[in-house]
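Novice: A predicted structure for the sequence below; I have some questions about it.
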Amino acid sequence: MTKSNLLPDYVRISTFLFIEEYEAKVGQVRGVVFNKFMTLLNYDLKATKNIDIRLPHCWYRWGDEVVKYYLRTYTKWDHEDLGITTVAWKGGVPEDYRVNDPTVAEIRKNIKKYIEEYSDDDGWERAIDRLYSIAPYEFQNEFRKLRENLKGAVSGNYIHGYLTKFLTPLFNNAMRTFPKEFSEINEEKIYFESIFKTSVENEAPIEDIRNLAEEFWFFFCYYLRLDEKCHENISTETLNVWESSLQWERELYNRSLQDLAFDLKLEGKNKNIDLLLKTRSDRIEEFNELLDEYRSTDDINSA
């Protein structure tokens, strides 16, 4: 196939047009803004015009996002400011950009619409809401409600009785919708539920409860992005890299869960938690034995 027969790279063209237009009308493009625009564009063009720009994207920790590895040759991602990522275009006008291309016209129309609709102070929160309304799993929406409420609670925006009257129903609704497609991590889910509920019942600090929810969500998202409903246009090589990290991330999460249960002093309050703490105790004992063995060997070598 010759280059002239290839379709234009509409992801590259969309990126160029959006960054150019946004910088001219609003200012520097934040990473969250870029991700929401590109994923909304991808969805809307397919849903309303049957146009597939073949965007490489996946559902992950902060929603549907572009896999920036695939855009690295023509975008610059700046992480210099703490908590804020910006995106800029690098290079010239894409070679395959044509003003009279009907698909380019649709892309331009959507760019203008999105900038008009979502450029006010809380506009991109509405964009996130819209994306979550089309998330593949109900659990993603329900757990987001829990996370958002915990985020507000940590800031001090909660009332007396919040934990049992408001937080528990949100948590129960979320876990009720946990997808059967992720049965591989059912054990971690069961332990997480036990620790979360027991922590709430024992009125643990809200910061600890939020950290518990965030760690479970981050762990879950390693599996979420690999689900066939939750990614598009990702190479087998990339999927293999993601999959290769699962065992290690699972081990790290389980250790963290054990340590959280220990730090929250939950021993004797739940059978599942006691099993988890027993595993932690065995792990630490094994580590100490290895450490003693190493020290003994080191003493012999030093003699």
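Specialist: Okay, I see it. Keep in mind it's a predicted model, so treat the numbers as computed, not measured. Numbers count the residues shown, from 1 in each chain.
Novice: And the pLDDT at the residue nearest in space to the middle of the chain?
Specialist: Nearest to the geometric centre of the chain sits R61, at 0.9 Å (C-alpha atoms, centre = their mean). If you check R61, the pLDDT there is 95.
Novice: Please apply the same query to the one 4 residues further on.
Specialist: What the model reports as pLDDT for E65 is 96.
Novice: now M1
Specialist: Reported pLDDT for M1: 36.
Novice: Y69 touches T238, doesn't it?
Specialist: Yes. With contacts counted by C-beta atoms under 8 Å, Y69 reaches T238, the gap being 7.1 Å. C-beta coordinates here come from the backbone N, C-alpha and C atoms, glycine included.
Novice: neighbour-wise, which of those two wins?
Specialist: Using other C-beta atoms under 10 Å, the more surrounded residue of Y69 and T238 is T238, with 17 against 11.
Novice: Show me where the stretch 1-150 of the chain has its helices.
Specialist: Counting by DSSP state H, counting those that start in this stretch, the stretch 1-150 of the chain has helices at residues 10-25, 31-49, 102-118, 123-132, 138-154.
Novice: just the stretch 201-303 of the chain next, same as before
Specialist: Ranges of helices within the stretch 201-303 of the chain are 206-224, 236-244, 246-263, 271-302, based on DSSP H, counting those that start in this stretch.
Novice: so which of those is the most packed in?
Specialist: helix 206-224 (a mean of 19; mean count of other C-beta atoms under 10 Å).
Novice: can you list contacts of it?
Specialist: Defining contact as C-beta atoms under 8 Å, 6 or more residues apart in numbering, one finds that helix 206-224 is touched by 59-61, 140, 143, 146-147, 150-151, 153-154, 158, 163, 167, 182, 184-185, 188-189, 192, 195-196, 199-200, 230, 242, 245-246, 249-250, 253, 256-257, 260, 263-264.
Novice: can you tell me which residues contact the residue nearest to the centre of the chain?
Specialist: Residues counted as contacts of R61 (C-beta under 8 Å, 6+ apart) are W217, F218, C221.
Novice: Check Y97 too.
Specialist: Shown in contact with Y97 (C-beta under 8 Å, 6+ apart): P8, I13, F16, V104.
Novice: Go again with 10 Å.
Specialist: Contacts for Y97 (C-beta atoms under 10 Å, 6 or more residues apart in numbering) come out as P8, D9, Y10, R12, I13, F16, L17, V104.
Novice: How about V29?
Specialist: Residues in contact with V29 (C-beta under 10 Å, 6+ apart) are 15, 18-23, 37, 75, 85-89.
Novice: How much space separates it from V154?
Specialist: Per C-beta to C-beta, to the nearest Å, V29 is found 29 Å from V154.
Novice: are any of the contacts of V29 buried, and which?
Specialist: Neighbour-count burial (16 or more other C-beta atoms under 10 Å) applied to these gives T15, F18, I19, E21, Y22, F37, T75, T85, T86, V87, W89.
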